[in-house]
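>>> For reference, the sequence and a predicted model appear below.
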Amino acid sequence: MTRLALLPGLLLWGCRDAAAQVYDSLPPPRALQTNQSDYTLWLTLAVNGRNDNNVVPVIVHQGDYLVDATVLRRNFIPLAAMLNGAQNVNALAQVQVSYDSVHQILQLKVPDSWLPSQQLTDSKAAASIALSSPGMLLNYDAWSVKNGEESSYTAVWLEQRFFTGNGYLSNTGSWRQDWRGADTSGQGYLRYDTTWKYSDVDRMVSYQLGDVVSNSLSWSNSVRLGGLRISRSFAVRPDLVTYPLLNWSGTAAVPGSVDLFINGYKTSSNSLNAGPWSLTSTPYINGAGEATVVTTDALGRQVETTIPFYVSNQLLRSGLSDFDFSAGALRQNYGSRSADYDAAALSSFYRYGLNDHLTLAFEGEGRAGLVRVGAGADMSVARLGTLSLSASQSQSDRSGQQYSLGYSWYSSRFSLNLSHVQRTADFSDLSVYGTSASLSQRSEQATLSFAPFGSLIGTIGLGYFDITAHDGTRTRLANLSWSRGLWGSSSLHLALNKTLGSSGVSGQLQLIIPLGQTGSMTASSQRTSSGELAQTLSYSRAAPAAGGFGWNLAASQGNAGYRQADLTWKTRYTVLSGGVYGSPGDRTSWFDASGALVWMDNSLFASSKVNDAFIVVSTSGYRDIPVRYENQLLGNTDRSGHLLVPWVSAWYPAKLTIDPLNLPADIETPVVEQRVAVREASGALVTFPLHKTRPLLLTLVDSEHHALPPGTLVTETHSGQTAQMGYGGEVWFDNVPEQSDIAVSLPGGVCRHAISLRGVQAQFKIGPLICPSSTQETQP
């Protein structure tokens with residue numbers, strides 16, 4: 001009996017061991033049978049490691065995988081146009097297939113050439129729409145000079161400018177009044193320029209009408225005309241790089257990243273998918289450099305490639321063109337007469353980037369009695385620098401020729417610039433034809449700058465200039481310069497100049513010691529070519545851009561005891577400065593006031609001089625709101641809710657922000673940051689919309705004074721706003737009418753309350769209001 005009694009226990013023990021053996025581990029996967037029926041898996045597709053992230057049906061047929069043709073084409077698998085429906089990927093040539101059951105991915109390996117090329121760039125800038133609001137301004141710069149007891153005068157430079165979205169109209173001139181002991185022939189008002197200008201951003205073309213200055217090439221001269229000018233304007237697109245960009249390409253076997261270093265500094269980082277890639281970089285240097293491209297795969301393995309390069313900003317990118325066409329009457333005696341115009345003339349040129357290594361140029365100009373044409377080219381010589389050459393011919397009474405040849409090479413430690421210009425005696429152009437001026441017969445220049453051991457020795461510069469005038473007079477100059485940084489930001493500078501063929505050397509030795517925000521000290525010693533010596537000590541501080549005082553004090557030993565002292569006070573509304581300089585017995589005192597008056601948004605603003613563009617910030621009439629331009633605090637809006645920013649760079653999309661933290665709770669500020677670009681010589685009104693709201697915090701209870709349940713729907717019927725009740729019977733509305741009607745949806749009906757908020761100035765907190773289960777209307 002005892003043995004029989006033990007038998008069930010032994011059987012149970014054995015069953016327990018058997019059960020543990022069965023469930024403690026999973027059975028091995030069953031091998032695929034070639035004769036099993038088809039079935040469908042829902043998988044994601046990955047091609048060369050790049051996951052499509054879309055779950056698609058995959059049919060398994062006798063161990064092969066069938067995927068819809070549309071899905072394959074979307075993942076860059078080339079298929080014949082007539083193929084549609086499910087396709088056997090195992091049967092496709094050059095395709096390797098594997099099934100990742102753990103991650104539910106169908107992995108495909110294809111040739112890299114099948115994958116699309118990835119175009120990568122390190123440029124983050126983009127074209128932006130530039131604004132110009134209707135307005136006008138008056139720039140002024142008034143100064144008065146008194147030279148001891150001998151003479152004194154007062155002069156005012158003025159600019160009147162009117163602008164809209166259709167361009168701007170500008171007029172400049174000066175008025176002068178001589179007081180004592182001075183020649184009064186130059187008194188009165190003298191006009192300089194009157195010009196209307198409009199720039200077409202889409203075409204990058206500018207149109208000017210009035211007094212214009214023609215553009216010129218490096219081997220020609222500009223002239224002043226009264227007429228029309230049409231020209232290319234790359235300035236309207238600050239995001240556009242006109243010279244050839246750097247480009248590298250490669251192939252990634254698996255997804256990863258690519259980093260670019262220029263001269264050791266990281267300039268960009270991009271993610272890569274598998275396949276070919278091309279990286280275009282904007283080189284913010286001119287000359288020779290070294291680029292290092294580092295590719296990293298998903299496992300952290302890196303491949304580093306270093307490539308030397310040479311960038312020349314003299315060239316135009318392939319396919320890019322530049323041009324200028326100016327026509328009108330030649331301006332004579334500019335700066336001494338207001339309206340002295342001569343014969344009709346025209347001047348033009350055209351440049352074209354034939355490729356990234358060659359830029360061609362053509363020019364022509366003419367007037368009655370003179371025609372001149374020319375052609376030239378700028379070309380990169382591998383990584384050896386830039387070569388420039390040109391040839392021109394003029395035809396007047398006689399024909400003349402001009403030839404020029406130039407070469408330049410730049411790097412971080414070495415730069416070389418050579419130029420040669422040769423002209424025949426009868427060559428002429430618009431800048432000198434019909435005047436007493438003349439062009440030189442020959443000009444040669446050579447400049448060299450190098451830092452052989454970096455900052456250890458400093459930078460050395462050499463220059464040679466050889467000019468033969470039209471009458472055969474020859475002038476040769478040579479100079480030597482050296483500069484080196486010392487402790488902190490201090491520096492030492494030396495310059496020597498020699499006129500070859502004459503005795504004597506002139507020079508200057510200068511020590512500059514910055515003193516932080518308190519200014520800088522400068523000590524210098526000068527020597528003239530005749531051997532006279534002078535030592536000067538000066539202490540100066542520039543007036544802060546945000547406003548404040550600046551000064552300049554200087555004294556010389558020798559040089560007839562020269563002294564100088566001036567003070568500048570920069571405010572938000574004007575810049576005032578004055579001082580005295582000279583030697584004992586010959587002192588000159590002066591005073592200057594400059595600034596601008598701006599009319600925009602029916603308001604008048606006083607500011608410092610507006611040289612280019614400006615912005616008027618409007619906060620919808622709210623005062624004392626802080627305004628920042630590119631994260632720099634400018635000040636607070638005035639009592640009319642305005643702030644003028646007088647020194648904006650045209651065409652650049654700058655960031656403007658306001659700080660609404662000090663505003664009352666019932667003021668809504670939907671926009672606190674804007675990026676704004678302004679047209680040249682114009683102003684833009686940038687409005688930050690601020691709205692006064694009537695917020696309402698309402699507390700609702702039932703007849704037992706218990707809070708209504710959370711989630712109860714409450715509607716303000718006049719505005720149509722609906723909100724859900726929170727805890728404690730409270731519900732919030734951002735903005736309600738002065739006369740509000742509140743409807744509360746309850747199981748027993750709708751409870752209504754008519755609320756009057758007339759005359760209430762603070763945050764509106766109403767309640768508790770009673771809403772019984774039955775429908776009713778109450779008036780608080």
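Looks like it came in fine. Values in this document were obtained by computation on a predicted structure and should not be read as measured data.
>>> In terms of residue numbering, what are the domains of the chain?
38-115, 116-155+175-186+532-692, 247-311, 440-531, 696-770 (the TED database).
>>> where among those domains is the average confidence lowest?
Set side by side, the domains of the chain give their lowest mean pLDDT on domain 247-311, at a mean of 81.
>>> out of the domains of the chain, nearest to residue 412?
With respect to residue 412, and counting by C-beta to C-beta, the nearest of those is domain 247-311 at 6.7 Å. Glycine gets a C-beta too; all of them are placed from N, C-alpha and C.
>>> residue contacts, the residue nearest in space to the middle of the chain?
What sits nearest the mean C-alpha location of the chain, by C-alpha atoms, centre = their mean, is residue 652, with 5.4 Å. Residue 652 sits next to 238, 677 when contact means C-beta atoms under 8 Å, 6 or more residues apart in numbering.
>>> Could you look up the next helix or strand downstream of the helix or strand harbouring residue 744?
Here residue 744, judged by DSSP states H and E, is contained in strand 739-746. Counting by DSSP H and E, the next helix or strand C-terminal to strand 739-746 is strand 749-756.
>>> how far does the following helix or strand past that next one sit from the chain's center?
Remark: after strand 749-756, the chain's next helix or strand is strand 764-770, criterion DSSP H and E. Relative to the chain's own centre, strand 764-770 is displaced by 53 Å; criterion: C-alpha atoms, centre = their mean, to the nearest Å.
>>> Quick one: list the elements packing against strand 764-770.
When contacts are defined as 3 or more C-beta pairs under 8 Å, 6 or more residues apart in numbering; DSSP states H and E, strand 764-770 packs onto strand 696-701.
>>> who does the helix or strand just after the strand it packs on touch, helix- and strand-wise?
Downstream of strand 696-701, the first helix or strand assigned by DSSP H and E is strand 713-716. Strand 713-716 sits against strand 696-701, strand 721-724, strand 739-746, with contacts defined as 3+ C-beta pairs under 8 Å, 6+ apart.
>>> Nearest to residue 49, out of those?
Ranked by C-beta to C-beta, the member of the helices and strands packed on strand 713-716 that lies closest to residue 49 is strand 721-724, at 47.0 Å.
>>> re earlier: next, the buried residues of the strand holding residue 744.
Buried residues in strand 739-746, defined by neighbour count with 16 or more other C-beta atoms under 10 Å: 740-744, 746.
>>> now these as a markdown table including distance to residue 638?
Converted to a markdown table, the buried residues of strand 739-746 look like this (distance: C-beta to C-beta, whole Å):
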| residue | distance to residue 638 |
| --- | --- |
| 740 | 35 |
| 741 | 40 |
| 742 | 40 |
| 743 | 44 |
| 744 | 46 |
| 746 | 52 |
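>>> Greatest separation within those: which pair is it?
Counting by C-beta to C-beta, the most remote pair of the buried residues of strand 739-746 is 740 and 746, 18.5 Å apart.
>>> quick one on the thing from earlier: between the domains of the chain, which gets nearest to residue 200?
Comparing the domains of the chain by C-beta to C-beta, domain 116-155+175-186+532-692 comes nearest, at 11.2 Å.
>>> Now do the closest one: distance to the chain's middle.
In terms of C-alpha atoms, centre = their mean, the centre of domain 116-155+175-186+532-692 is found 21 Å from the chain centre.
>>> try stretch 411-422
Its chain's C-alpha centre and that of stretch 411-422 lie 29 Å apart, by C-alpha atoms, centre = their mean.
>>> The helix or strand that contains residue 731 packs against which elements?
Element membership of residue 731, judged by DSSP H and E, is strand 730-733. For strand 730-733, the packing partners by 3+ C-beta pairs under 8 Å, 6+ apart come out as strand 696-701, strand 721-724.
>>> If we use 10 Å, what do you get?
strand 696-701, strand 713-716, strand 721-724, strand 739-746, strand 764-770 (3 or more C-beta pairs under 10 Å, 6 or more residues apart in numbering; DSSP states H and E).
>>> Determine which stretch of the ones you listed is the most buried.
strand 696-701 (a mean of 20; mean count of other C-beta atoms under 10 Å).
>>> name the helices or strands packed onto that one?
strand 713-716, strand 721-724, strand 730-733, strand 739-746, strand 749-756, strand 764-770.
>>> Tell me the buried residues in the third one?
This points to strand 730-733. Buried positions in strand 730-733, judged by neighbour count with 16+ other C-beta under 10 Å: 730-731, 733.
>>> now those in TSV, with distance to residue 114?
Below are the buried residues of strand 730-733 laid out as TSV (distance: C-beta to C-beta, whole Å):
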residue	distance to residue 114
730	62
731	60
733	59
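>>> Sort out which residues of the helix or strand hosting residue 599 are buried, please.
Per DSSP H and E: residue 599 is located in strand 586-600. Neighbour counts over strand 586-600 (16+ other C-beta under 10 Å) mark 588-590, 592, 594-600 as buried.
>>> Okay, strands next: where are they in the stretch 51-200 of the chain?
Secondary structure of the stretch 51-200 of the chain by DSSP state E, counting those that start in this stretch: the strands cover 64-68, 86-88, 96-100, 105-109, 118-121, 130-131, 135-147, 151-164, 167-180, 188-200.
>>> and of the ones you listed, who's closest to residue 391?
Comparing the strands of the stretch 51-200 of the chain by C-beta to C-beta, strand 188-200 comes nearest, at 33.0 Å.
>>> what angle sits between the next helix or strand after that closest one and strand 188-200?
Sequence-wise, the next helix or strand downstream of strand 188-200 (DSSP H and E) is strand 205-213. Angle, strand 205-213 to strand 188-200, by axes from the mean of the first three to the mean of the last three C-alpha atoms, to 10 degrees: 160 degrees.
>>> what pairs with strand 205-213, and is each one parallel or antiparallel?
Sheet pairing for strand 205-213, assigned by DSSP bridges, gives strand 188-200 (antiparallel), strand 224-232 (antiparallel).
>>> hmm, who's touching the strand holding residue 744?
By C-beta atoms under 10 Å, 6 or more residues apart in numbering, the residues outside strand 739-746 that reach it are 694, 696, 698, 700, 702, 708-709, 712-719, 721-722, 725, 731, 733, 736, 750-758, 764, 766, 769, 771-775, 777-778.
>>> how does it look with 8 Å?
Outside strand 739-746, the residues touching it (C-beta under 8 Å, 6+ apart) are 696, 698, 700, 708, 712-718, 750-758, 769, 771, 773, 775.
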